[in-house]
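A.B. asks: Need the 3D shape of this:
(one chain, ligands or ions: 1)
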Amino acid sequence: MRKILIVGNWKMHLNTSQASLLVHRLQERVPIHRDIEVVLAPTMLTLQPLSLQIDRRKFRLAAQNAYWRDEGPFTGEVSFTMLRDLVHYVIVGHSERRHIFEESLETVRDKTAAAIRNEITPILCVGETKVERDEGETKQVLHDQLMSALSNLTSAEVADIVIAYEPVWAISDGTNFKEHIMAKPDQVADAVRYIRSYVTDVFGERAGKDVRILYGGSTVPEIVSGFLDVPGVDGFLVGGASLNYHLFSEIIAAANRWQRQGNEED
Ligand code: PGA
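C.D. replies: All right, here's what the predicted structure looks like:
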């Protein structure tokens with residue numbers, strides 16, 4: 001059975017004590033799941049204290065960003081090298097980084113390579129804006145983002161990464177995710193099929209099959225089973241709902257129920 005991956009992206013929310021309280025609440029509610037991997041992506045500031053607090057049988061940590069150079073005169077930055085013993089994953093190329101902080105395709109490529117060089121698994125975010133979708137450019141955008149980000153990698157490296165399909169128009173502002181517009185399962189199916197076929201064409205069958213692909217954008221517990229039914233979806237990158245221990249643990253529980261049903265049918 002394929003493991004489900006659920007990543008909570010806390011973005012720029014929660015100071016150290018708030019983050020610690022959320023972890024405390026989640027640890028009470030989330031049982032150990034052998035076939036579900038749950039990853040928390042708090043701010044850089046709270047990674048270190050949370051690494052001492054988390055029950056490692058239940059949670060792993062991700063950073064939300066890092067700089068691609070290993071060290072040097074880069075005021076304000078933290079490198080992948082500095083994170084290597086602290087986190088399993090780093091989110092790379094999130095649409096907020098691409099659009100608000102103007103990260104270019106080349107920057108995202110360099111960060112993806114830096115993650116792998118430092119033995120951290122990148123969670124590479126790709127996705128089109130509303131205008132791009134309306135203009136019929138979704139596949140072209142995905143193509144360009146994948147081609148540049150993966151250009152320096154080997155097939156074995158690509159097989160091990162995570163790609164998150166996050167249509168920009170479906171991402172909430174962190175408060176309105178319950179009523180925000182979200183992608184429909186058939187739109188996600190199309191995009192995920194395209195991503196896997198791109199990886200298969202360029203990096204071979206094994207990479208196309210093994211690469212993990214997440215959906216992200218206004219994820220709530222109600223959509224979990226419907227989106228896990230979409231062929232090729234391995235889990236979720238959750239923003240707003242991951243800040244609420246009730247909703248986030250419900251998302252994990254819904255994934256667990258979906259998995260058990262699948263098991264019974266096997
Ligand atoms: P959202 O955020 O679930 O609040 O839409 C997803 C993301 O940006 O990773």
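A.B. asks: Tell me which residue is most central in the protein.
C.D. replies: By Cα atoms, centre = their mean, the chain has its centre lying nearest to Leu237, at 4.2 Å.
A.B. asks: where does that one sit relative to Gly174, distance-wise?
C.D. replies: Leu237 sits 13 Å away from Gly174, going by Cβ to Cβ, to the nearest Å. (Glycine included, C-beta is placed from N, CA and C.)
A.B. asks: again, but for Ala63
C.D. replies: To Gly174, Ala63 is 18 Å away according to Cβ to Cβ.
A.B. asks: Of those two, which one has the most company?
C.D. replies: It is Ala63, of Ala63 and Gly174, that has more neighbours when counted by other Cβ atoms under 10 Å, with 24 against 16.
A.B. asks: For the residue in the chain positioned nearest to the ligand, grab phi and psi.
C.D. replies: Going by Cβ to the nearest ligand atom, the ligand is nearest to Gly239 of the chain, at 2.1 Å. In terms of degrees, to the nearest 10, the main-chain angles of Gly239 are phi -100, psi -100.
A.B. asks: And for it, the neighbour number?
C.D. replies: Gly239: 26 surrounding residues under other Cβ under 10 Å.
A.B. asks: for Ile36, same thing?
C.D. replies: Residues lying near Ile36 (other Cβ under 10 Å) number 20.
A.B. asks: is it true that it touches Arg257?
C.D. replies: No - applying Cβ atoms under 8 Å as the test, Ile36 and Arg257 come out as separate, 10.9 Å apart.
A.B. asks: For this protein, which segments count as strands?
C.D. replies: 4-9, 36-41, 59-63, 89-92, 121-126, 162-165, 212-216, 235-238 (DSSP state E).
A.B. asks: which one is the residue of the chain closest to the ligand nearest to, not counting chain neighbours?
C.D. replies: In space, and not counting its chain neighbours, Gly239 is closest to Asn9: 5.1 Å by Cβ to Cβ, 6 or more residues apart in numbering.
A.B. asks: so what's the one you found up against?
C.D. replies: By Cβ atoms under 8 Å, 6 or more residues apart in numbering, the contact list for Asn9 reads 41, 62, 64, 91, 94, 216, 237-239, 242.
A.B. asks: swap in Phe248?
C.D. replies: Residues in contact with Phe248 (Cβ under 8 Å, 6+ apart) are 8, 26, 238, 241-242.
A.B. asks: can you redo these as CSV with neighbour count and pLDDT?
C.D. replies: What follows is the contacts of Phe248, written out as CSV (neighbours: other Cβ atoms under 10 Å; pLDDT from 0 to 100):
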residue, neighbour count, pLDDT
Gly8, 27, 98
Leu26, 22, 98
Val238, 29, 98
Ala241, 21, 97
Ser242, 29, 98
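A.B. asks: What is the nearest of those residues to Arg117?
C.D. replies: Distance to Arg117, by Cβ to Cβ, is smallest for Gly8 among those, at 25.8 Å.
A.B. asks: Test my guess that the closest one contacts Gly240.
C.D. replies: No - using Cβ under 8 Å, Gly8 makes no contact with Gly240, being 10.0 Å away.
A.B. asks: Enumerate the beta-bridge partners assigned to Tyr89.
C.D. replies: In this entry, Tyr89 is beta-bridged to Ala62, Thr121, by DSSP bridges.
A.B. asks: In contact with it, which residues?
C.D. replies: 7, 39, 41, 60-63, 120-123, 162.
A.B. asks: swap in Gln261?
C.D. replies: Counted by Cβ under 8 Å, 6+ apart, Gln261 has zero contacts.
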